[in-house]
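Q: predicted coordinates and the sequence they were generated for:
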Amino acid sequence: MLIDSSPGDARPLVDDLPSEALSFDRAQIGWWCLVTAQAIVVIVLFILFVT
C-alpha cells in the first residue's frame, strides 16, 4: 500500500512542477527581455549623448 501510494503522490507533484516552472520561466524571460531591452536603449542613448 505504501509503495503504491508514494508513486501516486509523486506523480502529481512531478506533473505540476514542470508546468509551473515553464510558466514561471516564460514570465521571467519576458521580464528579462523588457529589462535588457530598456538597458540597451539607455546605454545606446547614453553613448550617443556622451559622444
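A: Yep, it's here. Numbering: from 1, shown residues only.
Q: only C-alpha atoms from now on, for both contacts and neighbour counts.
A: Will do.
Q: and W32, what's its pLDDT?
A: Looking at W32, its pLDDT stands at 85.
Q: show me where pLDDT drops low in this structure?
A: Residues of the chain meeting the criterion pLDDT under 70: 1-25.
Q: okay, strands next: where are they in it?
A: Remark: strands of the chain are absent; assignment by DSSP state E.
Q: all helices of it, in order?
A: For the chain, the helices defined by DSSP state H cover 2-50.
Q: give me the neighbour count for V44.
A: 12 (other CA atoms under 10 Å).
Q: where's it relative to A27, distance?
A: For V44, the distance to A27 equals 26 Å [CA to CA, to the nearest Å].
Q: cool, L48 as well?
A: Counting by CA to CA - L48 and A27 are separated by 32 Å.
Q: so which of those two has more stuff around it?
A: Ranked by neighbour count (other CA under 10 Å), L48 and A27 place A27 first, with 12 against 9.
Q: from Q38, how far out is the more buried one?
A: For A27, the distance to Q38 - CA to CA - is 17 Å.
Q: cool, F49 as well?
A: From F49 to Q38 the distance is 16 Å (CA to CA).
Q: with neighbour numbers in mind, choose between these two.
A: The neighbour comparison of F49 against Q38 (other CA under 10 Å) goes to Q38, with 12 against 8.
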